[in-house]
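**Student:** pasting the sequence and the predicted model now:
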Amino acid sequence: MAIIVEAIKHLFKRPATLRYPFEKEAPPKGFRGRPIWDMHRCVGCGLCSRMCPSGAIEMIGRGHEARIKHYVDRCLFCGQCSESCPRNAIRLMNDFEHASYSRDSMIYEYKRES
Amino acid sequence: MKASRDLIAYNDLRRIIIDPGFCNLCGACESACPVHALKIENGRLNYTHDCTDFMEFCPICYDICPFTEALLLETLGFVANAPNRAESIGYYRKILLAQAVDEKLRDLSHSGGVVTALLMHAIKTGFIDSAITSEREKETPIMVRPLLSLVPDDLLSAVDCEYFSSSVAMAFGRAVHEYGKAKIAFVGTPCQVRAIRKLEAWEHKIMNSLRIVIGLTCLWSFSFPKLTQFLKESYGIEVSDILRIDMDGKYKVSLKNGKLIAVSIPEIRDHTLSVCRMCEDFTSELADISVGGAHPLRDWSLVIIRTEIGEEIFEEAVKAGVIRTRKIEEKPNVYAHFVRMGLLKRKYAIEEIERRKKRGEPVPPVSIRLLELLPREISLLSSLKAEHIMTKNVMTVTPETTLEELLTIMTRHHHMGYPVVDDEGKILGIVTFEDISKVPASRRGEVLVKEVARKKLVTAYPDSSVMEIYEKMSQYKIGRILIVDRKDHRKLLGIITKTDIVHMLRWPMKKFDKTPT
């Protein structure tokens, strides 16, 4: 009986869910999304690629000429890279929609522009 | 100095700093190392594991070491927007005398107690949540170790002045990593302040937690084994008997049984850390606030406020009534003593550097950095003319001024050298602080400027390049050069000091904006 009352009550309430992907809610504070590199701050030490538990970060070259390749399909969004960076060059963004039909489009490259 | 750097900074650090014995164990490298490979334990710096296991390239520990040449000009940027600048004092906003209102603090600290009062007030108001200072070890009271204070009362154990180095920069790293503190005040000697500023200039992550840097004046730090051996051999003193060491013109060693032994500066100088003997910074020129003793006043401290944040926290403490201040102009003697110590340290440092260079002994890169210029800087200096950077409204004195009056002028305006000019505006000579300090204090009222002023002048013309002037300064070992008219060599147009040149290297853009096109 109680369940019917409850069900009727909810007929007049607004839905609890959002009509994703047409409606979106902003991620909460401290959300760990895709990491991005600020190559002007990066010193090229390669700690992030060594620390990454899933091997999602590849560093090519070293020092200021270093290029960072980030494979989002391997990333598990743990935030270890930004934690270990000595110079706060890695920030975690708020986006979470990374699905794609090809693996190639899930590789992000970062390079220092002089 | 080496042209190219090793990919792993530790190799350079070990070769240039640690092996020649220049490390003073400040611990900045320990707090900066991203893989925690460096650790200070039992009075030495240990390399606990091979950092190449984790990285192929890392510049950090060499860059942030206070005795390397890296980032030096960048660190000046933290204080360089202050309106005033003076030799042996650095950039500053205000110089004044101050003391803690609380008499207990003054007694405990044997001086003004300004730093303690300032920090206690800042913790109470929540401006900072912790402070890093040094405290005395219980068994051997002259040794110091870093202390992290979380509540105001903690600070009471750290109120005295120190003569040994302690690993405060390491404590800063621990405060961030282990205590999770986010608003930290840092207190240290000039080299420790430089380490912290270098970390800040490097934009290291842990520096987001730094609120304020308070610098102490420092003549030299002692090498603990050398000093204890010296005191034992010459005076028969055991380390554990020493209660404290004071400094006012002479080093006074107080013993636990109440005896007092005075040791002169030249005698004790050989027992300081070798790197201290080559350090030119007496007043912590990179700190937000510098605090030093105000000899001969017992209960006061001399305070140099350099940055906006330093001014803010100091004014707040004065308003809250924990610190009272006095104008420095009231006491020209205090100022003269302070500057004399600064110049003394610089003079000894330059002598020591030259002596070491001649013998081919290693010199820490930081000490040569400001004596030798980089190619980029040489080309910048060659492209500039003297008239672009000289100070045009030069303060002058008349030949009939007495030295006492001159000292008052110096205390008020903080310039260290004045051209002597007669009524017709012709230059007769130049008088500097060194000339005054050669005359005993009792005779300064009667001696006139013209008697001590140097008649032989080193001058340049407004169209000479700054590089030329810089070379002249190094050649004659002087700190200032007069700019005179090309036709009339006795007509004064302007003055250029060495600090002007260094200041310009730091702010090339700013200076270029000013030049007429």
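**Tutor:** Good, I have the coordinates.

**Student:** residues from chain B in reach of chain A?
**Tutor:** For chain B, the residues in contact with chain A (CB under 8 Å from any CB of the partner chain) are B:7, B:32, B:34-35, B:54-60, B:202-205, B:208. C-beta: built from backbone N, CA, C; applies to glycine.

**Student:** please name the residues that touch residue 45.
**Tutor:** As the question left the chain open, I've gone with chain A. With contacts defined as CB atoms under 8 Å, 6 or more residues apart in numbering or on different chains, residue A:45 is in contact with A:86, B:34, B:55-60.

**Student:** let me rephrase: I mean chain B.
**Tutor:** Applying CB under 8 Å, 6+ apart, the residues near residue B:45 are B:18, B:23, B:25, B:29-30, B:38-39.

**Student:** how about it, secondary structure?
**Tutor:** At residue B:45 the chain is in strand, as set by DSSP: H, G, I helix; E, B strand; the rest coil.

**Student:** with residue A:18 instead?
**Tutor:** Assignment for residue A:18 (three-state DSSP): coil.

**Student:** quick check on the residues of chain B next to chain A: which are buried?
**Tutor:** Neighbour counting by 16 or more other CB atoms under 10 Å in any protein chain shown classes B:7, B:32, B:34-35, B:54-60, B:202, B:204-205 among the residues of chain B next to chain A as buried.

**Student:** nearest to residue B:229 among these?
**Tutor:** Nearest to residue B:229, judged by CB to CB, of these is residue B:32 at 33.1 Å.

**Student:** wait, isn't the closest one in contact with residue B:59?
**Tutor:** No: under the criterion of CB atoms under 8 Å, residue B:32 makes no contact with residue B:59, lying 10.5 Å away.

**Student:** circling back to that earlier point, the contacts of residue B:45 in helices, which ones?
**Tutor:** Among the contacts of residue B:45, the members falling in helices (DSSP state H) are B:29-30.

**Student:** of the contacts of residue B:45, buried ones?
**Tutor:** Using 16+ other CB under 10 Å, the buried ones in those are B:18, B:23, B:25, B:29-30, B:38-39.

**Student:** list the contacts of residue B:257.
**Tutor:** Residues near residue B:257 by CB under 8 Å, 6+ apart: residue B:241.

**Student:** next one: phi and psi at it?
**Tutor:** phi -90, psi 10 (degrees, to the nearest 10).

**Student:** in chain A, which spans are helices?
**Tutor:** Secondary structure of chain A (DSSP H): helices at A:2-11, A:47-51, A:80-84.

**Student:** wasn't residue B:186 part of a strand?
**Tutor:** Yes: Residue B:186 sits within a strand when classified using three-state DSSP.

**Student:** I'd assumed residue B:194 was in contact with it.
**Tutor:** No: Residue B:186 lies out of contact with residue B:194 (CB under 8 Å); the separation is 11.7 Å.

**Student:** near chain B, which residues of chain A? Just list them.
**Tutor:** Residues of chain A lying near chain B (CB under 8 Å from any CB): A:41, A:43-47, A:50, A:62-63, A:66, A:84-88.

**Student:** and stretch B:63-71, how far from the chain's centre?
**Tutor:** Stretch B:63-71 sits 15 Å away from the centroid of its parent chain (CA atoms, centre = their mean, to the nearest Å).

**Student:** got the buried residues for stretch B:283-300?
**Tutor:** B:283-295, B:297, B:299-300.

**Student:** so which of the contacts of residue B:45 is the closest to residue B:366?
**Tutor:** Using CB to CB, the contacts of residue B:45 come closest to residue B:366 at residue B:23, 12.6 Å.

**Student:** in chain B, which helix is the longest?
**Tutor:** Chain B, longest helix under DSSP H: helix B:332-359.

**Student:** next, the buried residues of whichever helix or strand comes after that helix.
**Tutor:** Remark: after helix B:332-359, the chain's next helix or strand is helix B:365-369, criterion DSSP states H and E. For helix B:365-369, a neighbour-count test (16+ other CB under 10 Å) marks B:365-367, B:369 as buried.

**Student:** lowest average confidence, helix or strand, in chain B?
**Tutor:** None of the helices or strands of chain B scores lower by mean pLDDT, DSSP states H and E than helix B:508-514, at a mean of 40.

**Student:** partner residues bridging residue A:71?
**Tutor:** Residues in a beta bridge with residue A:71, per DSSP bridges, are residue A:107.

**Student:** check contacts around it.
**Tutor:** For residue A:71, the residues meeting the contact criterion (CB under 8 Å, 6+ apart) are A:56-58, A:106-107.

**Student:** show me what contacts the most centrally placed residue in chain A?
**Tutor:** The centroid of chain A falls nearest to residue A:34 when counting by CA atoms, centre = their mean (1.7 Å). Counting by CB under 8 Å, 6+ apart, residue A:34 makes contact with A:70, A:72, A:75, A:77, A:92-93, A:95-96, A:98, A:108.

**Student:** tell me how many other residues crowd residue B:264.
**Tutor:** A total of 10 residues lie near residue B:264 under the criterion other CB atoms under 10 Å in any protein chain shown.

**Student:** so which residues of chain A form strands?
**Tutor:** Assigned by DSSP state E, chain A shows strands spanning A:35-37, A:57-60, A:67-71, A:90-92, A:107-111.

**Student:** the first one - what's its average pLDDT?
**Tutor:** If you average the pLDDT over strand A:35-37, you get 93.

**Student:** and the second one, by the same measure?
**Tutor:** In this model, strand A:57-60 has an average pLDDT of 90.

**Student:** with stretch B:234-246 instead?
**Tutor:** The average of the pLDDT scores along stretch B:234-246 is 75.

**Student:** next up, the contacts around the residue in the stretch 101-250 of chain B that chain A sits nearest to.
**Tutor:** Across the stretch 101-250 of chain B, no residue is closer to chain A than residue B:205, which sits at 4.9 Å (CB to the nearest CB). By CB under 8 Å, 6+ apart, the residues touching residue B:205 are A:85-88.

**Student:** now, of these, which are buried?
**Tutor:** Listed as buried from those are A:85-87; burial here means 16+ other CB under 10 Å.

**Student:** list just the nearest of those residues to chain B.
**Tutor:** residue A:86 (4.0 Å).

**Student:** assign the closest residue in space to the closest one that isn't next to it in sequence to helix, strand or coil.
**Tutor:** Nearest non-adjacent residue to residue A:86, counting by CB to CB, 6 or more residues apart in numbering or on different chains: residue B:34, 4.0 Å away. Applying three-state DSSP to residue B:34 yields a three-state assignment of coil.

**Student:** contact partners for residue B:34?
**Tutor:** Applying CB under 8 Å, 6+ apart, we find residue B:34 in contact with A:45, A:47, A:84-86, B:54-55, B:58, B:60.

**Student:** distance check, residue B:40 against residue B:278.
**Tutor:** 22 Å (CB to CB, to the nearest Å).

**Student:** what of residue B:333?
**Tutor:** 29 Å.

**Student:** out of those two, which sits in the busier spot?
**Tutor:** Between residue B:333 and residue B:278, residue B:278 has the larger neighbour count (other CB under 10 Å), namely 22 against 15.

**Student:** spatially nearest residue to that one (excluding sequence neighbours)?
**Tutor:** Leaving aside its sequence neighbours, residue B:278 sits nearest to residue B:367 (CB to CB, 6+ apart; 4.6 Å).

**Student:** ok, that neighbour - contacts?
**Tutor:** By CB under 8 Å, 6+ apart, the neighbours of residue B:367 are B:67, B:278-280, B:349, B:353.

**Student:** quick one: which of those residues is nearest chain A?
**Tutor:** Looking at the contacts of residue B:367 and their distance to chain A, the nearest is residue B:67, at 20.5 Å (CB to the nearest CB).
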